[in-house]
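Student: Build me a structure from this.
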Amino acid sequence: MHPYTFIISLRAKHPKDDLAFMSELIEKQPSVSWVAGEERKTPKGTSIGGTRPNSYWVTRLTEEETDSETWQLEDYLEKIYKELTPKFASFASFHESGGRLELYVSLYGARNFGLIFSPDLLSRFGAANIELQLDIYPEQ
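Tutor: Numbers count the residues shown, from 1 in each chain. Below is the predicted model of the structure:
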């Protein structure tokens, strides 16, 4: 198997509610966040017109780009599932009111590589209403 690296972030989205509660619940500060209805601005604070259509909160779950020789992605996702499990009850009203959670995985590889996500792991994330998004960046 050819090596690859990955970064995993947790994203929360909601049509209107402030997602500041995520920082306390996840015990991490967001790298980016905003509340529905706020003025749209660049990261440097320049107004770009209009308002945010929804609320958004994102934080990294991997501290840095992680190498597959250190962690296989499948194993790291299992680790994240176990860390998030005690928090699932707190997400119930969030999901019921239109909130969405996703694990955003950025994958980087110089050659082809394969991943196998077990039906068990996928069904557990599905039952917890956590989406899995894979963005794959082949090195050129």
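Student: Residue 60: how many residues sit nearby?
Tutor: 14 (other C-beta atoms under 10 Å). For the C-beta atoms, the positions are set from N, CA and C on the backbone; glycine is no exception.
Student: Could you do residue 105 as well?
Tutor: There are 20 residues near residue 105, going by other C-beta under 10 Å.
Student: cool, and residue 84?
Tutor: Residue 84: 19 neighbours (other C-beta under 10 Å).
Student: Return the residues in contact with it.
Tutor: Neighbour list for residue 84: 128, 130 [criterion: C-beta atoms under 8 Å, 6 or more residues apart in numbering].
Student: what's the span of stretch 34-51, first residue to last?
Tutor: This stretch, stretch 34-51, spans 10 Å end to end (C-alpha to C-alpha, to the nearest Å).
Student: So what touches it?
Tutor: Counting by C-beta under 8 Å, 6+ apart, 14-19, 32, 52-56 sit against stretch 34-51.
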